[in-house]
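> Sequence plus the predicted model coming up.
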Amino acid sequence: MKLTVIGCYSPFPKAGEATPGYLFEDHTGTKLLFDCGSGVASHIHKWINPKEVDAIILSHYHHDHVADVGVFQYAAYMALLNGSRSGPLTIYGPSLPPDKAEIRTYKDISVAKDIGQGQDIELGSCRFRFFQTDHQGPCYGWHVTDGRSSLVYGADSGPDTDWDHVPLRPDVLILESSFLEQNKRTGVKHLSAKEAALIAARLEAKHLVLTHFYPEVDPYQYVQEAKAFFSGKISAALMGFHLSLS
Ligand SMILES: [Zn+2]
Ligand SMILES: [Zn+2]
């Protein structure tokens, strides 16, 4: 399994950057996009052409996670017309709210598939299991394994997510870190870097990858805050950050 970060900022990107989007590839060459934020269709060209994406998995329908879905559908459309793509783009995401979930479907170019609590899907050589997070949506994170290593994508998450749905000791745990503790607002369904670190410690993660950074804060400040609460490896999910597992 390989993961490449395309975008890590929220709720809007820094100049020349993108909001959440992660390119995931398995050892069979299946190419998936985890979330599809603003700027992802442009920056993905540094690694692959947008038309090469086999499927997109959307955690929820907030703009910072879906802004570029329409242009990925256009890329698939053009590729189908000119014969450089053989099949439709599959877009996985929650079935709710129905008006937002509609964005997954475009003519016969993209096919919508639902994800839900505890659901398993096989994609390429990997098995995905979804869990609902404490976030407006609904919003789902996922645990993915190819039988050798494991990765958890926490999507957007408030502090009340039930992490018991996630197996212990993931090789990689990607968690949002929207705030430094000093900037945290009560009642907002996002995590601080400290809260992300405490979850990583509880799950005994081998490697915590922080993401979903406010664009006016230096990402390394989140890493510094997390270090006081988690003794494992911590990285910032900056554009181009790459992990090769298995
Ligand atoms: Zn959100
Ligand atoms: Zn978000």
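Received, thanks. What you are looking at is a predicted structure, and each value in this text was computed from that prediction instead of being measured. Ligands and ions are numbered 1, 2, ... in the order given.
> Just say helix, strand or coil for Met78.
Look at Met78: counting by DSSP: H, G, I helix; E, B strand; the rest coil, its state is helix.
> so what's it closest to, chain neighbours aside?
Lys51 (7.2 Å; Cβ to Cβ, 6 or more residues apart in numbering). (C-beta placed from N, C-alpha, C; glycine too.)
> what's the distance between that neighbour and Leu243?
Relative to Leu243, Lys51 is positioned 24 Å away (Cβ to Cβ, to the nearest Å).
> Does Cys8 touch Val217 like I think?
No: using Cβ atoms under 8 Å, Cys8 is not in contact with Val217, being 11.8 Å away.
> the more surrounded of the two?
Counted by other Cβ atoms under 10 Å, Cys8 and Val217 do not tie: Cys8 has more neighbours, with 29 against 16.
> More neighbours: which of Lys51 and Leu243?
When Lys51 and Leu243 are compared for neighbours, Leu243 comes out ahead with 20 against 17, by other Cβ under 10 Å.
> now the host helix or strand of that one, how far from the centre of its chain.
Per DSSP states H and E, Leu243 falls inside strand 242-244. Taking Cα atoms, centre = their mean, to the nearest Å, one finds strand 242-244 lying 14 Å from the centre of the chain it belongs to.
> Contact residues of the chain facing ligand 2?
Residues of the chain lying close to ligand 2 (Cβ under 5 Å from the ion) are Ser10, Asp64, Asp156.
> Apply 8 Å and report the result again.
Counting by Cβ under 8 Å from the ion, the chain comes close to ligand 2 at 10-11, 19-20, 37, 60, 62, 64-65, 155-156, 176, 178, 190, 212.
> which among the residues you listed end up buried?
10, 19-20, 37, 60, 62, 64-65, 155-156, 176, 178, 190, 212 (16 or more other Cβ atoms under 10 Å).
> which of those residues are close to ligand 1?
Ser10, His60, His62, Asp64, His65, Ala155, Asp156, His190.
> quick one on the thing from earlier: did I read that right, the residue nearest to Met78 in a helix?
Yes: counting by three-state DSSP, one finds Lys51 located in a helix.
> For the host helix or strand of Leu3, which helices and strands make contact with it?
Assigned by DSSP H and E, Leu3 belongs to strand 2-7. Where contact means 3 or more Cβ pairs under 8 Å, 6 or more residues apart in numbering; DSSP states H and E, strand 2-7 is packed against strand 21-25, helix 40-43, strand 242-244.
> ranking these by burial, who's on top?
Mean neighbours per residue, mean count of other Cβ atoms under 10 Å, is largest over the helices and strands packed on strand 2-7 for strand 21-25, with a mean of 24.
> Okay, now the sheet partners of the one helix or strand Val144 maps to, with direction.
For Val144, the host element (DSSP H and E) is strand 140-145. Strand 140-145 pairs in its sheet with strand 126-132 (antiparallel), strand 150-153 (antiparallel), by DSSP bridges.
> Check what pLDDT the most centrally placed residue in the chain gets.
Geometric centre of the chain, nearest residue: Phe34, 4.2 Å, by Cα atoms, centre = their mean. We have a pLDDT of 98 for Phe34.
> what sits against it?
For Phe34, the contact set (Cβ atoms under 8 Å, 6 or more residues apart in numbering) comprises Pro20, Gly21, Tyr22, Leu23, Phe24, Ile57, Ser59, Tyr153.
> One more: Arg202?
Counting by Cβ under 8 Å, 6+ apart, Arg202 touches Trp163.
> Could you shift the numbering so residue one becomes 765, and keep it that way?
Okay, using 765 as the starting number, the last item reads as Arg966.
> related to what we said a few turns ago, contacts for the strand holding Val908 next, please.
Contacts to strand 904-909, defined as Cβ under 8 Å, 6+ apart, come from residues 765, 788, 821, 823-824, 858, 879-881, 890-897, 914-919, 921, 925, 929-931, 934.
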